[in-house]
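Peer 1: the sequence and its predicted three-dimensional model are supplied below.
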Amino acid sequence: MENQQGATPDRMQDIISLCKRRGFIFPNSEIYGGLNAVFDYGPLGVEFKNNVKRAWWEAMTRMRDDVVGLDGGILMARRIWQASGHEEVFTDPMVDCTNCKKRFRADHVIEDFGDLSTCPNCGLKGTLTEPRQFNLMFKTFMGPVEEDAAMVYLRPETAQSIYVNFQSVQASMRKRLPFGIAQIGKAFRNEISPGNFTYRTREFEQMEMQYFIPPEQEQQWFDYWRAQRWQWYLDLGMTESHLMWHTHDAKELAHYARAAVDVYYEFPFGFKEIEGIHDRTDWDLRRHTEFSGKDLSYFDDQEKRRYIPFIIETSVGADRSTLAFLCDAYHEEEVEGDKRVVLRLHKRLAPVKVAVMPLSKKEGLVELAHAVHDGIRSVGMTQYDETGGAIGRRYRRQDEIGTPFCVTVDFQSLEDNQVTIRERDSMAQRRVAIPELRAILAAELA
Ligand code: ATP
């Protein structure tokens, strides 16, 4: 068995085509020619991404006492984006090619080609314009009149609704510092150069957690959350050598941050950011205090002191991390002279946990297979596969979507009340008694 996983752009094409073919991810508005940089998750994609989000939510809230959840609105008061600095500085430098009319992010062109002398698309020299700043926030209008007063932004990040709800959450949940607020939700950015499939899109989901701390504990919690977030990827089966840290230097640091590190994943198109961990100091609550006129300081009744909490943020894209898990899981192998594509997804992330298949559509088998399927539905998402055809081919189809276990009902099953469990990674098979099947699978998937 040879592992042929390699980091090439061709590999990305293989993954994109698998996503389309097997119902993971489709281009948005496809029958109308598509809407650039927006994607739709198909039946398997929605299960997979939900599993990533659930794994994050569990690690960040359910398994801890000090982080609670929030689900804020996408639309928020415009003043919030003035306080946060987004209206003024949430911009990217943009250059246009006067020849081919393509638009690029100036910092990306410099990163990839060293300077702005040549157009990355048509290759002509001296055709790129001077960089201009472009605000990434989408605008829309509240109410019937499209006038400036009613203009609102679609949120470009979920974090701000956590900051503006800080006091409501703290008071209603009677939380003492340090504590955190976690949120999963949509964010929108009018990216100048989206691309690399779902890596950079204009509509995406973020999973963000803001941890509120006393000022003097800044370094300790920054280090703590770094370690926690790295471990989360490993716990979900990510290959550690495909991850690396990137520390922001003074030039890269956002206006609100004292320190920032990114988790980079090695995609087929290179090492790229999937998550950021930021030491935001007291910048956010101080700004919202100033702009809203409401005092957002915290009174520590044990230490009898009042202060504006500092914040450590962890921010990861649900779509980007899902894509990273997908790329990491994708393997092509040679099995007995045939190519096998297998998604070695962690069991918690796999969209389908168990597929039940009758060996043939003959009488008796189908009924038994349905009964076996009904008996195991509670172990997680299951699939009944009655497509027919050679069993080997049906196993390959399940391998391709990452299903950890297949259960086959054959003629022998009618006599001995046993079925075969076939395991995805090892391809090992074993016979088990039908009455024990549910408990065995539940233990395997726990
Ligand atoms: P980049 O430099 O790639 O534009 P960023 O540093 O602006 O990202 P943050 O503002 O820190 O990103 O957002 C936190 C996370 O949200 C990112 O690590 C990424 O996972 C996700 N994210 C940001 N922009 C997008 C996008 N356009 N499409 C998909 N995910 C995104």
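Peer 2: Cool, the structure landed.
Peer 1: what sits against the nearest residue to Asp107 once chain neighbours are set aside?
Peer 2: Excluding the flanking residues, the one nearest Asp107 by CB to CB, 6 or more residues apart in numbering is Pro93, at 6.1 Å. (Glycine included, C-beta is placed from N, CA and C.) For Pro93, the contacting residues are 105-107, 131-134, by CB atoms under 8 Å, 6 or more residues apart in numbering.
Peer 1: I'd like the distance between Pro93 and the ligand.
Peer 2: Separation of Pro93 from the ligand (CB to the nearest ligand atom, to the nearest Å): 13 Å.
Peer 1: and the pLDDT at that residue?
Peer 2: Looking at Pro93, its pLDDT reads 87.
Peer 1: could you check how far Gly126 is from the ligand?
Peer 2: Distance of Gly126 to the ligand, given as CB to the nearest ligand atom: 28 Å.
Peer 1: ok so, going back, pretty sure the residue nearest to Asp107 sits in a helix.
Peer 2: No: when DSSP: H, G, I helix; E, B strand; the rest coil is applied, Pro93 is found to be strand, with no helix at that position.
Peer 1: in which helix or strand would I find the nearest residue to Phe271 once chain neighbours are set aside?
Peer 2: Distance criterion CB to CB, 6+ apart; nearest residue to Phe271, sequence neighbours excluded, is Tyr264 at 4.5 Å. According to DSSP states H and E, Tyr264 maps onto strand 259-267.
Peer 1: ok so, going back, beta partners for the residue nearest to Phe271?
Peer 2: Beta-bridge pairing of Tyr264 under DSSP bridges involves Met244, Glu273.
Peer 1: residues in contact with the residue in the chain that the ligand sits nearest to?
Peer 2: At 2.6 Å from the ligand, Gly317 is the closest residue in the chain, using CB to the nearest ligand atom. With contact taken as CB under 8 Å, 6+ apart, Gly317 is in contact with 204-207, 274-275.
Peer 1: so which residues of the stretch 201-350 of the chain form helices?
Peer 2: Listed in chain order, the helices found in the stretch 201-350 of the chain under DSSP state H, counting those that start in this stretch are 218-235, 283-292, 318-329.
Peer 1: for the ones you listed, which one sits closest to Leu349?
Peer 2: When these are compared by CB to CB, helix 318-329 sits nearest Leu349, at 5.8 Å.
Peer 1: excluding its backbone neighbours, what's nearest Pro27?
Peer 2: Spatial nearest neighbour of Pro27, excluding adjacent residues (CB to CB, 6+ apart): Gly34 at 4.6 Å.
Peer 1: does the one you found sit in a helix, a strand or a coil?
Peer 2: Put simply, Gly34 is coil when judged by three-state DSSP.
Peer 1: could you pull up the residues touching Leu75?
Peer 2: Neighbours of Leu75 in contact, by CB under 8 Å, 6+ apart: 140, 142, 152-155.
Peer 1: what of Arg79?
Peer 2: By CB under 8 Å, 6+ apart, the contact list for Arg79 reads 291-292.
Peer 1: state the pLDDT value of it.
Peer 2: Arg79 is assigned a predicted lDDT (pLDDT) of 95.
Peer 1: and if you look at the one 10 residues further on?
Peer 2: Per-residue confidence at Val89 stands at 84 (pLDDT).
Peer 1: quick one: is stretch 73-86 near the ligand?
Peer 2: No: taking CB under 6 Å from any ligand atom as the criterion, stretch 73-86 and the ligand are apart, separated by no less than 10.4 Å.
Peer 1: compute the first-to-last residue distance for that stretch.
Peer 2: This stretch, stretch 73-86, spans 17 Å end to end (CA to CA, to the nearest Å).
Peer 1: going forward, the N-terminal residue is numbered 37.
Peer 2: Will do, 37 is the new start, and the previous item becomes stretch 109-122.
Peer 1: mind checking how far it is from the chain centre?
Peer 2: 24 Å (CA atoms, centre = their mean, to the nearest Å).
Peer 1: also stretch 108-116?
Peer 2: A distance of 23 Å separates the centroid of the chain from that of stretch 108-116, by CA atoms, centre = their mean.
Peer 1: can you check stretch 310-319 too?
Peer 2: Centroid displacement of stretch 310-319 relative to its chain, using CA atoms, centre = their mean, is 18 Å.
Peer 1: can you pull the residues of the protein lying near the ligand?
Peer 2: Proximity of the chain to the ligand, by CB under 6 Å from any ligand atom, involves residues 193, 225, 227, 236-237, 240, 242, 309-312, 351-353, 355-356.
Peer 1: which of the residues you listed sits closest to Met96?
Peer 2: Val352 (10.1 Å).
Peer 1: how much space is there between the residue nearest to the closest one when sequence neighbours are not counted and Ala354?
Peer 2: Distance criterion CB to CB, 6+ apart; nearest residue to Val352, sequence neighbours excluded, is Glu311 at 3.8 Å. Note on Glu311: its distance to Ala354, by CB to CB, to the nearest Å, is 11 Å.
Peer 1: partners of the residue nearest to Thr418 when sequence neighbours are not counted in the sheet?
Peer 2: Distances taken as CB to CB, 6+ apart put Val390 closest to Thr418, at 4.8 Å, once the chain neighbours are dropped. Val390 forms beta bridges with Thr418, Phe441, as assigned by DSSP bridges.
Peer 1: so who does Val390 touch?
Peer 2: The contact partners of Val390, by CB under 8 Å, 6+ apart, come to 412, 415-416, 418-419, 439-443, 477, 481.
Peer 1: any of those residues buried? List them.
Peer 2: Neighbour-count burial (16 or more other CB atoms under 10 Å) is assigned, among these, to 412, 415-416, 418-419, 439-443, 477.
Peer 1: would you turn the contacts of Gly353 into TSV with pLDDT?
Peer 2: Output for the contacts of Gly353, formatted as TSV (pLDDT from 0 to 100):
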residue	pLDDT
Phe240	98
Glu241	98
Gln242	98
Met243	98
Ile310	98
Glu311	98
